[in-house]
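Asks: Sequence and predicted structure are below.
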Amino acid sequence: EAQVTQNPRYLITVTGKKLTVTCSQNMNHEYMSWYRQDPGLGLRQIYYSMNVEVTDKGDVPEGYKVSRKEKRNFPLILESPSPNQTSLYFCASGRGDRGREKLFFGSGTQLSVL
Amino acid sequence: LAKTTQPISMDSYEGQEVNITCSHNNIATNDYITWYQQFPSQGPRFIIQGYKTKVTNEVASLFIPADRKSSTLSLPRVSLSDTAVYYCLVGGDPDSNYQLIWGAGTKLIIKP
């Protein structure tokens, strides 16, 4: 089954404790991206990747890191999480048609930073 | 840069046709328009995509006027299971670095 898999689904952590949210897709998609979703603010892009070893900042990259060492995986790293990074995070992938992507989203990771 | 504006919420009844309009006055020449549906605790799901005129698939229609400054998602004969948030997405123009601009979402509530 074609899917984007994120882990964990729920995560509670404390300020400053490094964490990684994993994302994997099995559709051989070139394009992958991370979003955060906050009430009243909709979806905001954090980082995106057009292909392996190619990553770019989205609208809200501060406090986040990503890496794309292989096509299927695109982990999101919070080196020193802060409470304002409490949010619902989504990973998405697409074929890479430059704006004509039909994006496939993961089920989300609800992160709480205390 | 394109900015997308859509109604915050809408109500309708089962069996009715629902139209949700998204305004994107500054849409770029090569931007595409895409609509997604999101249920609580799930990621958005692709509904339909278009560039101009009308596109129809098995679940919805998308109407785009000639000036492309707005688009309308049409859901025929809605049911309770269509209650969700609907997002308009505009983007993909290479002159805008293929940037994707999301609307804030329209919460659609279908009543029995």
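Replies: Looks like it arrived, so ask away.

Asks: Point me to the residue of chain B nearest chain A.
Replies: At 1.2 Å from chain A, residue B:92 is the closest residue in chain B, using C-beta to the nearest C-beta. For every residue, glycine as well, the C-beta is placed using N, CA and C.

Asks: how many other residues sit next to that residue?
Replies: 23 (other C-beta atoms under 10 Å in any protein chain shown).

Asks: For it, give me the pLDDT.
Replies: Per-residue confidence (pLDDT) for residue B:92: 73.

Asks: What residues does chain B have near chain A?
Replies: B:30-32, B:34, B:36, B:41-46, B:49, B:87, B:91-94, B:98, B:100, B:102-105 (C-beta under 8 Å from any C-beta of the partner chain).

Asks: Among these, which lie within strands?
Replies: Using DSSP state E to define strands, the subset of those located there is B:32, B:34, B:36, B:45-46, B:49, B:87, B:91, B:100, B:102.

Asks: Can you verify my assumption that the residue of chain B closest to chain A contacts residue B:31?
Replies: Yes: if you go by C-beta atoms under 8 Å, residue B:92 and residue B:31 touch, sitting 5.6 Å apart.

Asks: if I look at residue B:37, how far off is residue A:55?
Replies: Distance, residue B:37 to residue A:55, using C-beta to C-beta, to the nearest Å: 28 Å.

Asks: so what's residue A:74 closest to, chain neighbours aside?
Replies: Distances taken as C-beta to C-beta, 6 or more residues apart in numbering or on different chains place residue A:32 nearest to residue A:74, at 4.1 Å, with adjacent residues excluded.

Asks: Next, count neighbours for residue 28.
Replies: Looking at chain A here, since you left the chain open. 10.

Asks: you looked at the wrong chain, it should be chain B
Replies: The tally of other residues near residue B:28 (other C-beta under 10 Å) stands at 20.

Asks: Disregarding residues adjacent in the polypeptide, which is nearest to it?
Replies: residue B:93 (3.7 Å).

Asks: Please look at that neighbour and residue B:24 and confirm they touch.
Replies: No: the pair residue B:93 and residue B:24 fails to qualify as a contact (C-beta under 8 Å) at a distance of 11.8 Å.
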